[in-house]
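Visitor: Here is a sequence together with a model predicted from it:
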Amino acid sequence: MELNNDFEVNAPVEKAWAVLTDVEKIAPCLPGAQLQEIEGDEYRGIVKVKVGPITAQYKGAATFIEKDDANHRAVLKAEGRVMAEWAEIPRMRRPYFAPIRSAP
């Protein structure tokens, strides 16, 4: 999965970059995320996500695989597994099938 997002910050680029690459400072800003421990360059924690009626909690780790302070570019590698006891899939009263359309 690749996530992309753009936004503007009213702060000098060096100050914004320092905050955005400080995992301890930025993790509390992510809804459902909890940083649990740091070991070397590895950040471990949990994140609870809800997509429509489905809620799941993942436990995993992330590391910077690329961090270029001069060009303000960072790439994180994150891996995790769903914590089964937190996965909630509600029952559906009747099945719903969305129509599939072919591309023009």
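Guide: Ah, there it is.
Visitor: only C-alpha atoms for contact and neighbour calcs from this point on.
Guide: OK.
Visitor: is it fair to say residue 46 lies in a helix?
Guide: No. Assessed with DSSP: H, G, I helix; E, B strand; the rest coil, residue 46 is strand; it does not lie in a helix.
Visitor: so it touches residue 58, yeah?
Guide: Yes. A contact is recorded between residue 46 and residue 58 when judged using C-alpha atoms under 8 Å, the distance being 5.5 Å.
Visitor: what's the longest strand along the chain packed up against?
Guide: When secondary structure is assigned using DSSP state E, the longest strand within the chain turns out to be strand 54-68. Of the remaining helices and strands, those touching strand 54-68 by 3 or more C-alpha pairs under 8 Å, 6 or more residues apart in numbering; DSSP states H and E are strand 42-51, strand 73-82.
Visitor: looking at these, which is closest to residue 15?
Guide: strand 73-82 (14.2 Å; C-alpha to C-alpha).
Visitor: pLDDT on the closest one, on average?
Guide: Per-residue confidence for strand 73-82 averages out to 87 on the pLDDT scale.
Visitor: which residues touch it?
Guide: Defining contact as C-alpha atoms under 8 Å, 6 or more residues apart in numbering, one finds that strand 73-82 is touched by 21, 56-68.
Visitor: Run me through the strand neighbours of that strand, direction for each.
Guide: With DSSP bridges as the criterion, the sheet partners recorded for strand 73-82 are strand 54-68 (antiparallel).
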